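Student: Predicted model, plus sequence, below.
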Amino acid sequence: MLSADLPLAEPMEWKTGSIAINVPPIAETHTCAQVFERFQANPQEVAAAIVDAEDRVVGIVNRLRFLARYAQRYYPELYGRRPIGKLANHRPLIVDEDISVAELGATLTLEWPDALRECFVVTRQGRYFGIGTSEALVRCKVEMLTQHDGYLRKALAMATDASQTKSNFLATMSHELRTPLNAIIGFSEVLESEMFGPLGAPRYREYSADINGAGRHLLALINDILDLSKIEAGKLELVPEAINVPALFEDCVRLVSGRA
């Protein structure tokens, strides 16, 4: 099987759910001191979502912003025992997992640029699903570009292979057709010129001329097809030459006059 016959898979459409990080959420009843201890124990967490008893998102806490505020003087005494909601963002960017990454990127750029620094929340059917970060989004974009580049390279290779296959087919067929056509044209010229003696009835000469004209016409069509393949390859050389239009017209009339 030729590679041009193989199916070309379309690049997959990336969804927001594919870049969501499964960070355990924080219950809205947790205190700021508990969240501080959690961030201290898990330095890899960049943010965490705050959810209610039904796992619905009510806010987000960014690690760096929280620690920067909580490290200020008197903050532990003032907020240590209070719910985390006191130091959380209650209007985070919340997106469904089925939103495409392209649409998410447009939203972040045009409407929620702050979410690139603070992170955003991904939901599934209205419930918490995961945390989205700018780093995960960039990795996804790189993967998308790499995949698209691979798709284009494969498509180009298939197109090149198909073009080469077509050229080989035309070259082979032209040779197979030209050989008998040249013989037909040559024999018709022998008959038309009565090289080996008279043919008898004058109509035989007309028929041989028709055969010769039809053969030359078919040969010209084959040459035109080959010229098209040369044009696609950029290898056609133009050679201007004179054409006997009245003679060509007479040949055409002779070929179709019977049917007319």
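Tutor: Alright, I've got the coordinates. Numbers count the residues shown, from 1 in each chain.

Student: Check which helices and strands the helix or strand in which Phe187 is found sits against.
Tutor: Take DSSP states H and E as the rule and Phe187 turns out to sit in helix 134-193. Counting contacts by 3 or more Cβ pairs under 8 Å, 6 or more residues apart in numbering; DSSP states H and E, helix 134-193 packs against helix 101-110, helix 115-118, helix 202-233. C-beta coordinates here come from the backbone N, C-alpha and C atoms, glycine included.

Student: Check what contacts the shortest one and list those residues.
Tutor: Counting by Cβ atoms under 8 Å, 6 or more residues apart in numbering, helix 115-118 makes contact with 47, 60, 62, 65, 89, 92-93, 108, 134, 137, all of which sit outside it.

Student: Can you give me the buried ones in that helix?
Tutor: Of the residues in helix 115-118, those buried by neighbour count under the rule 16 or more other Cβ atoms under 10 Å are 115-116, 118.

Student: Using PDB, list the CA coordinates for it.
Tutor: Written as PDB, here are the backbone C-alpha positions of helix 115-118 (Å, rounded to 0.1, in the frame of the first residue of the first chain):
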ATOM      1  CA  ALA A 115      -5.600  34.200  35.900                       C
ATOM      2  CA  LEU A 116      -2.300  33.500  34.200                       C
ATOM      3  CA  ARG A 117      -0.600  34.600  37.500                       C
ATOM      4  CA  GLU A 118      -3.200  33.400  40.000                       C
END
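
Student: Give me the distance between the closest residue in space to Trp14 that isn't next to it in sequence and Leu67.
Tutor: Using Cβ to Cβ, 6 or more residues apart in numbering and skipping the chain neighbours, the partner closest in space to Trp14 is Val101 (4.2 Å). Distance from Val101 to Leu67, counting by Cβ to Cβ, to the nearest Å: 29 Å.

Student: cool, and Met158?
Tutor: For Met158, the distance to Leu67 (Cβ to Cβ) stands at 53 Å.

Student: still on that earlier bit, of the contacts of helix 115-118, which belong to helices?
Tutor: 65, 108, 134, 137 (DSSP state H).

Student: So the second one sits against Leu137, correct?
Tutor: I take that to be Leu108. Yes - the pair Leu108 / Leu137 is scored as a contact, 7.5 Å apart, by Cβ atoms under 8 Å.

Student: now the stretch 1-150 of the chain, which segments are flagged as low pLDDT?
Tutor: Flagging of the stretch 1-150 of the chain using pLDDT under 70 yields the residue ranges 1-12.

Student: All the strands of it, residue numbers only.
Tutor: Assigned by DSSP state E, counting those that start in this stretch, the stretch 1-150 of the chain shows strands spanning 26-27, 47-51, 57-62, 94-96, 120-124, 127-132.

Student: just for the stretch 151-260 of the chain, where's the confidence low?
Tutor: The stretch 151-260 of the chain contains residues with pLDDT under 70 at 233.
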